[in-house]
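Asks: Take this sequence and fold it.
(one chain, ligands or ions: 2)
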Amino acid sequence: MLVIPTAIPMKVELECEACGHHQPYLVPTPPCPHCGHDWVEARYDYESVRTLWPAILEQRPFTMWRYRELLPLRDDAYQITLGEGGTPLLRARNLSMMLGTPNLFIKDERQNPTNSFKDRQAALVISMLKEANLTEFIVASTGNVAISYSAYSSHAGIKLWTFLPSLVPPEKMREIAIYGSEVVKVTATYDATKKVAARFSHHKGIAKGRGIRDVGTRESMKTLAFEVAEQLAAHLGPPQPGIPWRAPDWYIQAVSGGMGPIGFWKGYCELYQMGLVDRIPKLAIIQASGCAPMVHSFQKGLSEAEPVTDPHTQVITIATGDPGPAYSYLYKVIKEHGGAFEEVTDEETFRALHVLAKMEGISMEAAAAAAFAGLFRLLSKGIIKRDETVVVNCSGHTFPVEKFLLGRDWLKVLPGTLATTPLPTPARPKSTAENLLGALDQIDARVQRIVIVEDNPDAARLLRRILQTRGDFQISEAHTGPEGLALIRALHPDMVLLDMMMPDMDGFAVLDHLKADEELKDIPIIVITAKELTLQERKRLQGQIQILLQKGTFMDEDLLEGINALLGKEEGETA
Ligand SMILES: *Cc1c(COP(=O)(O)O)cnc(C)c1O
Ligand SMILES: [Zn+2]
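Replies: Ligands and ions are numbered 1, 2, ... in the order given. Got it, this is the predicted structure:
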């Protein structure tokens, strides 16, 4: 049996990309306190990692977490994993023969838990949120981030709000809903949807993912580079004596926000700095012609992106019109190091999708196929040479959830800038801002306060999770009796979930205190016990509590039904 050494936590600091100012590592990622620049980089102790890695890596399994010394999670106890990363690097034998490119490889990112490479991002970011003790989070997404973050949030016991442009296919929306996330469809473009999500975040005081500006999103994608470097060395041998790992000549990816190539680039820069590879690959950034702000801005020689306000592509996953600072970063990389921005039509993308399925047995979603269409173009233009080593990211193939599993009320629709049907003139015209805030308020209206008093953190997480997925409750947790009492006194909740078996002050004692307090004695109590109660204990609870549930024997419906009844809701209202 292998003994896997526990991770040695490495020092990580945040460095401002503009002024070089260093600040301590923080979640969510703050801007630079010195100059206000909104792009800071995680920096590690590379020399120590270089000495540690050879011996440690030999004993670790092939998952993305084997590189955890260069990931910004401090404590492995917070690691949320569903088995992401460690995907195969496949040799594209038939395609290689067809194209005359002997060293063509496919990084098969479909083989992640939710079938896209977003799972790397979700695993790290959700772990970081967990470590930072956040219990709710907001993301705007073109689909796959929302799916992936939903799965990991569910696992972590974090409530996720997802904001999606209306063009995201309903199958993907259902996939998000099945994990218990809130699904808010905004009738607008992705860029406008991000703004709605930002206002919601501000309004509710819940942190929101800031995409490329968050350190975790970029850092997670470095693991693609680390894996490819090791896998390519296994395929082709080390490049020269003393240099163990290998770099391809090209990394090709279909791009929307640019997380993948930016993380991949940083990963290889770190490997190069540590002397583990002999060079850094060129990036090929592929976008859909109908929404190719990076490609078109580069053609015009712009160092800042000109946003596309009216995307025209069926490849919704990569329809980001405003890439913001990601473009400026990639512009600089490709100007200084070589590489390519290339566009492909939807027709080319769907043709590539067929070719890969028929020639290599790899079926993928259109966004992934766009990268292969890009490969074909760059080869025919002579930008990629046929003897060069190429890695294409087969970024995903999301299989949507069975459509009959969901009830009716899982989707909220907010007005945005895209009117799907002509709107009648309202009797009392309001500004869109008012409309929007009104709509946000409606989402907010159902909040009810619940306190969980439970000493077992796993049980507390389970209870929190059941509540989160079934309504918009404001949930607070206490892990001891005295802490619970203090919390109940401070919050005056609408309900208390109380564990009976706790060390020091047990649930019976908490109950006695509550019942003796004029102000608190009427708060409904649901008691959750780990064991069968004795007759005497049952007698003690009689008349004092509303519901008694035994752990391991109740389904979440039992709990929810009880709660709804106590809060005086119509059945189904919170489902
Ligand atoms: C998100 C996504 C992309 C684009 O990735 P970025 O690096 O964030 O631009 C490509 N393909 C699939 C399947 C994706 O989910
Ligand atoms: Zn700065």
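Asks: drop to CA atoms for contacts and neighbour counts, all remaining ones
Replies: Will do.
Asks: residue contacts, Asp278?
Replies: Contact analysis of Asp278 by CA atoms under 8 Å, 6 or more residues apart in numbering lists 239, 243, 246-247, 272.
Asks: meant to ask about Gly143, not that
Replies: Taking CA under 8 Å, 6+ apart, one finds 164, 168, 172-173, 317 in contact with Gly143.
Asks: List phi and psi for it.
Replies: phi 130, psi -60 (degrees, to the nearest 10).
Asks: Ok, the one 4 residues further on next?
Replies: Dihedral pair for Ile147: phi -60, psi -50, per degrees, to the nearest 10.
Asks: Was I right to think it contacts Gly180?
Replies: No - using CA atoms under 8 Å, Ile147 is not in contact with Gly180, being 10.6 Å away.
Asks: So which of the two has more stuff around it?
Replies: Taking neighbours as other CA atoms under 10 Å, Ile147 and Gly180 compare with Ile147 leading, 30 against 23.
Asks: How much space separates the residue nearest to that one when sequence neighbours are not counted from ligand 2?
Replies: The shortest distance from Ile147 to any non-neighbouring residue, by CA to CA, 6 or more residues apart in numbering, is to Ile176 (4.8 Å). Using CA to the ion, to the nearest Å, we find Ile176 at a distance of 37 Å from ligand 2.
Asks: Ile176 contacts Ser154, correct?
Replies: No - with contacts counted by CA under 8 Å, Ile176 stays clear of Ser154, the gap being 10.7 Å.
Asks: okay, those two: which has more neighbours?
Replies: Just comparing Ile176 and Ser154: by other CA under 10 Å the higher neighbour count belongs to Ile176, 27 against 20.
Asks: Mind pulling up the pLDDT for that one?
Replies: You'll see Ile176 listed with a pLDDT of 94.
Asks: pretty sure it is in a strand, no?
Replies: No - read with DSSP: H, G, I helix; E, B strand; the rest coil, Ile176 is helix and lies in no strand.
Asks: Contacts only, for it.
Replies: Residues in contact with Ile176 (CA under 8 Å, 6+ apart) are 146-147, 150, 183.
Asks: Among those, which ones are in strands?
Replies: Cross-referencing the contacts of Ile176 against strands under DSSP state E gives Val183.
Asks: So which helix or strand of the chain has the lowest pLDDT on average?
Replies: In the chain, no helix or strand scores lower on mean pLDDT, DSSP states H and E than helix 432-444, which sits at a mean of 56.
Asks: quick one on the thing from earlier: just give me the closest of the contacts of Gly143 to Leu487.
Replies: Nearest to Leu487 among the contacts of Gly143 is Leu164, at 35.6 Å by CA to CA.
Asks: who's the nearest residue to the closest one once chain neighbours are set aside bridged to?
Replies: Excluding the flanking residues, the one nearest Leu164 by CA to CA, 6+ apart is Lys185, at 4.9 Å. Legend: beta-bridge partners of Lys185 under DSSP bridges are Leu164, Val413.
Asks: Within range of ligand 1, give me the residues from the protein.
Replies: Contact residues (CA under 6 Å from any ligand atom) of the chain with ligand 1: 116, 118, 144, 254-261, 317-318, 367-368, 395-396.
Asks: can you pull out the helices in the stretch 401-550 of the chain?
Replies: Secondary structure of the stretch 401-550 of the chain by DSSP state H, counting those that start in this stretch: the helices cover 432-444, 457-470, 481-491, 507-515, 535-541.
Asks: Would you tell me which of those helices gets closest to ligand 2?
Replies: Checking those against ligand 2 by CA to the ion gives helix 432-444 as the closest, at 33.2 Å.
Asks: which stretches of the stretch 301-450 of the chain have low pLDDT?
Replies: 400-409, 416-447 (pLDDT under 70).
Asks: Could you do the stretch 451-575 of the chain as well?
Replies: Along the stretch 451-575 of the chain, segments meeting pLDDT under 70 span 552-556, 568-575.
Asks: quick one, what contacts the residue of it at minimum distance from ligand 1?
Replies: Of all residues in the stretch 451-575 of the chain, the one sitting closest to ligand 1 is Thr469 (24.1 Å; CA to the nearest ligand atom). Thr469 makes contact with 159, 179-182, according to CA under 8 Å, 6+ apart.
Asks: ditto for Ala122
Replies: 145, 148-149, 152, 217.
Asks: List the contacts of Ile285.
Replies: Shown in contact with Ile285 (CA under 8 Å, 6+ apart): 252-255, 261, 295, 340-342.
Asks: Can you name the helix or strand that it falls in?
Replies: Under the criterion of DSSP states H and E, Ile285 resides in strand 282-288.
Asks: Let's have the contacts of Asp278 in CSV, adding neighbour count, distance to Ser363 and secondary structure.
Replies: Putting the contacts of Asp278 into CSV (neighbours: other CA atoms under 10 Å; distance: CA to CA, whole Å; DSSP: H, G, I helix; E, B strand; the rest coil) gives the following:
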residue, neighbour count, distance to Ser363, secondary structure
Pro239, 16, 32, coil
Ile243, 14, 35, strand
Arg246, 29, 27, coil
Ala247, 29, 26, coil
Tyr272, 17, 34, helix
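Asks: Quick one: mean pLDDT for the strand holding Ile285?
Replies: Mean per-residue pLDDT for strand 282-288: 98.
Asks: By neighbour count, which of the contacts of Ala122 wins?
Replies: Tyr149 (31 neighbours).
Asks: Give me the secondary structure label for the nearest residue to that residue once chain neighbours are set aside.
Replies: Nearest residue to Tyr149, sequence neighbours excluded (CA to CA, 6+ apart): Ala122, at 5.0 Å. Three-state assignment for Ala122 (three-state DSSP): helix.
Asks: Please apply the same query to Leu276.
Replies: coil.
Asks: Might one say that it is in contact with Ile243?
Replies: Yes - counting by CA under 8 Å, Leu276 touches Ile243, with 5.5 Å between them.
Asks: Would you state the strands of the stretch 151-300 of the chain in chain order?
Replies: Counting by DSSP state E, counting those that start in this stretch, the stretch 151-300 of the chain has strands at residues 159-165, 182-186, 250-254, 282-288.
Asks: right, and these - which one's nearest Leu414?
Replies: Judging the strands of the stretch 151-300 of the chain by CA to CA, what sits closest to Leu414 is strand 182-186, at 4.9 Å.
Asks: Output the closest one as CSV - backbone C-alpha positions only.
Replies: Output in CSV follows, covering the C-alpha atoms of strand 182-186 (Å, rounded to 0.1, in the frame of the first residue of the first chain):
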residue,chain,number,x,y,z
GLU,A,182,-31.4,28.5,-7.7
VAL,A,183,-31.8,29.0,-11.5
VAL,A,184,-32.5,32.5,-12.6
LYS,A,185,-32.9,33.0,-16.4
VAL,A,186,-32.2,36.5,-17.6
